[in-house]
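Asker: can't give you the sequence, but here's the structure:
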């Protein structure tokens, strides 16, 4: 199998940086395991919501940041995952773990079906096709009351009971979310390091050249899109028991725009980017709550400022700072 | 039959608004690769500016309208290009598109927090009368909208094809590199398109706010339909955006009439997907070459 | 000696009396009430009115000495009309030790969050009108207005007797409020043999109602029942006038409210319907409230302002009745109670609270004439 060497995000520097990612993930997980000890249920809820959002943004980071596909459907996939889990656990009485797996698998399948025709179009048009798909899914969720509860939503979604332990309480459910997020992040880390991951990067940089080197563009594009969408499904499967109630509103088109903003703000293409982006999108509004309605404007202004200064987002900015610091301290910069 | 005509005219009126928004959207995309996701808010905000000029500065309506529109064109024509597009165009299309998404949030929330979260009445230049024609009630305001939009678009088409500046604009859009070599001031042409976009958006705003009421959330639906209209009609031609707007407006109206109203929005969306998959350059557009 | 003892005793008695008065004053803390409400998003108009009504009530009560001597401290949290945020905000309110939960107003967020107060056994007073809220066996939920289930039979009866309509169009907004109302009125119409010639759903935030108006016009109905939120109601009335629909427009409180009248202008004249709460009702307390609200906030209150004011008054009455600040006891006291204006002027109108949290009250029939809401009749309580 031909290997594509891409100079930008992978190769020598990458092995050191990705190990850094692994370290950060594990350290972060430990910190977050203990973090809510002094927070009330509300603070714990915000942390859990941040992690769940990070999972969805991770998926979009794969689709957009690594494979270069402009998808505006991520929130719709999250909705599909959330409703699947909610319906399976409440109406059918299935356990959470199989429901979680089915949600991810269903989103993977729908991603394939949507991607098959959609990914043939030129770059910006994909954004509009996924935009249309997102709105259509929302319409179905809203109108088909017999299935989804329509505008009234689904109530009393149970939190899982795994290995005999009831995960109802805020703290114990939060720790469960930490574990699941860690597992999903590690899976993604492994995927990006693998030859598949390098193929995805080649797609982003220059699809035509990648094709000339023997990469099956269609297959890899579909794969990246489907995996990214399945992550949104996983996020939805966590969202439903976290909030214990879902209706179509968190999965509307504007939510897809928000997820996109979070990917870019955190650092599109960086593996830890989603966590930073979700922090800006979920936790920052809480800190800025005292400003009233202004926090949305502040968030949007931060995104614009970041984009002008450094389109690689916060992590890109940090990387530049790190490189500048190394140069200043006299060490040679690695290429 | 009378019923069908009523739906048709209502659809043409809203379609004319979508056309005005779509044309600006297309022009801006053509000349500077900017996908302006804030286009809907561009149509919402001028009315708010006018209301601010009238209510907070205490000006009479005509002065408030002039000042509001002038301020808008300055800020979101010239200011938009200078502060947002120029610094970011070197980073590529996607960051700029995302920047416009952020801009739309700022405009929307700014209108909400800065002025009012509630809908406001907006004065109309045209009396709210209805004509009766062959058993169909036609609102004078709707006719005025169709008329003004046609005049504006016709004027724009004449400008772009018959005047020197207009042809220079076209050249800058089609091939900026060659245009530069030929001595065309490309940067100024690009600025001109942004100003025209802002002006068209302001016109659309003044036309619809009397009917829709001025509210910060008006931009959401208009923006979505502007995108659909631009893509369905065709990106490369002004008349493509006009046709796209009218088609989308009429289809929306007929969908409400003859298909379930809860799925009304689905019809234009499905049309969008079909056009993108089958004829991506739009119904009236020219196929674009691929650049490698 | 007698004189000395008397003096000593009186000094000691005086000192003890001073201590007795001083100690509660030092230990006097504020009574915390948290209002979880929509201050932005789709529910902003309703939520802001509710909040202002609450603030007025708190100011009035505090000026008169508070509840059982304790001043009320009121805090407002914005849910952005997002059910997930609402849940989190209610949770936070309970974490922060609120005595009772006020709000939300929109029915969807209420449904999403009411189990939290229920689990904490704290009374929650809401502004929502969806019928389903009180059908879930939550003994801690209390309404501040009539539910859709109570209002719709009255409207159906009005359509049959006064409007004499045999076939009507139902125009409703496709959210929990509008759909709930439509689902509540359809069976009532069927019971009375009134057919539905057009069942028109519209989107929340919809601006263009031309097509919907044309549809209604061509449906050959005798009357149109309009169940939309405020701004959409105004837009629909204008569109209906433009298209020359020409049939009676019947509504429920919102359609006849001052916001709709001011936005729709001429198009609102002739609108008729049922009104649960209104500052124009022939009840002096309502009108007095309306004046106070206008003076404080420079615009006319809608029914949500009244609901907010009454919510705080209900809490005050319940606390004074149980003579303590027991949170669970407050809910137990309110359930099944009848609050009269003679006992608690803040309630403004005799209100009976059912066991499931529904309210039973008088209500009104109104018509919009010349840009003002005029009350035409009063409907009695169901079970006085």
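Answerer: Noted; the coordinates are in hand. Computed from a prediction, not measured in an experiment: that's the story for all the values here.
Asker: what does the stretch 51-200 of chain A have sitting close to chain C?
Answerer: Among all residues of the stretch 51-200 of chain A, those adjacent to chain C (criterion: C-beta under 8 Å from any C-beta of the partner chain) are A:142-143, A:145, A:150-153, A:155-156. (Each C-beta comes from the backbone N, C-alpha and C, glycine too.)
Asker: quick one, phi/psi of residue B:90?
Answerer: phi -70, psi -20 (degrees, to the nearest 10).
Asker: hmm, the lowest-mean-pLDDT helix or strand in chain B in reach of chain C?
Answerer: Ranking every helix and strand in chain B by mean pLDDT, DSSP states H and E puts strand B:136-139 at the bottom, with a mean of 75. Yes - counting by C-beta under 8 Å from any C-beta, chain C has neighbours in strand B:136-139: B:137, B:139.
Asker: other SSEs contacting that strand?
Answerer: The criterion is 3 or more C-beta pairs under 8 Å, 6 or more residues apart in numbering or on different chains; DSSP states H and E, and the helices and strands that strand B:136-139 contacts are helix B:2-32, strand B:130-133, helix C:230-243.
Asker: Show me where the stretch 251-384 of chain C has its strands.
Answerer: C:272-275, C:338-339, C:351-353, C:359-360, C:363-369, C:372-379 (DSSP state E, counting those that start in this stretch).
Asker: Pull up the gap between residue A:255 and residue B:247, please.
Answerer: Per C-beta to C-beta, to the nearest Å, residue A:255 is found 29 Å from residue B:247.
Asker: more crowded one of these two?
Answerer: Of the pair residue A:255 and residue B:247, residue B:247 is the one with more neighbours under other C-beta atoms under 10 Å in any protein chain shown, namely 23 against 20.
Asker: Could you pull out the buried residues of the helix or strand that the more buried one is a member of?
Answerer: Here residue B:247 is covered by helix B:238-258, with elements defined by DSSP states H and E. Of the residues in helix B:238-258, those buried under the neighbour-count criterion (16 or more other C-beta atoms under 10 Å in any protein chain shown) are B:238-257.
Asker: near chain B, which residues of the stretch 51-200 of chain A show up?
Answerer: Counting by C-beta under 8 Å from any C-beta, the residues of the stretch 51-200 of chain A close to chain B are A:70, A:117-118, A:120-125, A:127-129, A:131-133, A:135-136, A:139, A:142-143.
Asker: how does it look with 6 Å?
Answerer: A:117, A:121, A:125, A:129, A:132, A:135-136, A:139, A:143 (C-beta under 6 Å from any C-beta of the partner chain).
Asker: Pipe those residues into a markdown table and attach neighbour count per row.
Answerer: As requested, these are arranged in a markdown table below (neighbours: other C-beta atoms under 10 Å in any protein chain shown):
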| residue | neighbour count |
| --- | --- |
| A:117 | 12 |
| A:121 | 16 |
| A:125 | 19 |
| A:129 | 26 |
| A:132 | 27 |
| A:135 | 22 |
| A:136 | 18 |
| A:139 | 19 |
| A:143 | 19 |
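Asker: Which ones among these lie within helices?
Answerer: Counted as lying in helices by DSSP state H, out of these, are A:117, A:125, A:129, A:132, A:135-136, A:139, A:143.
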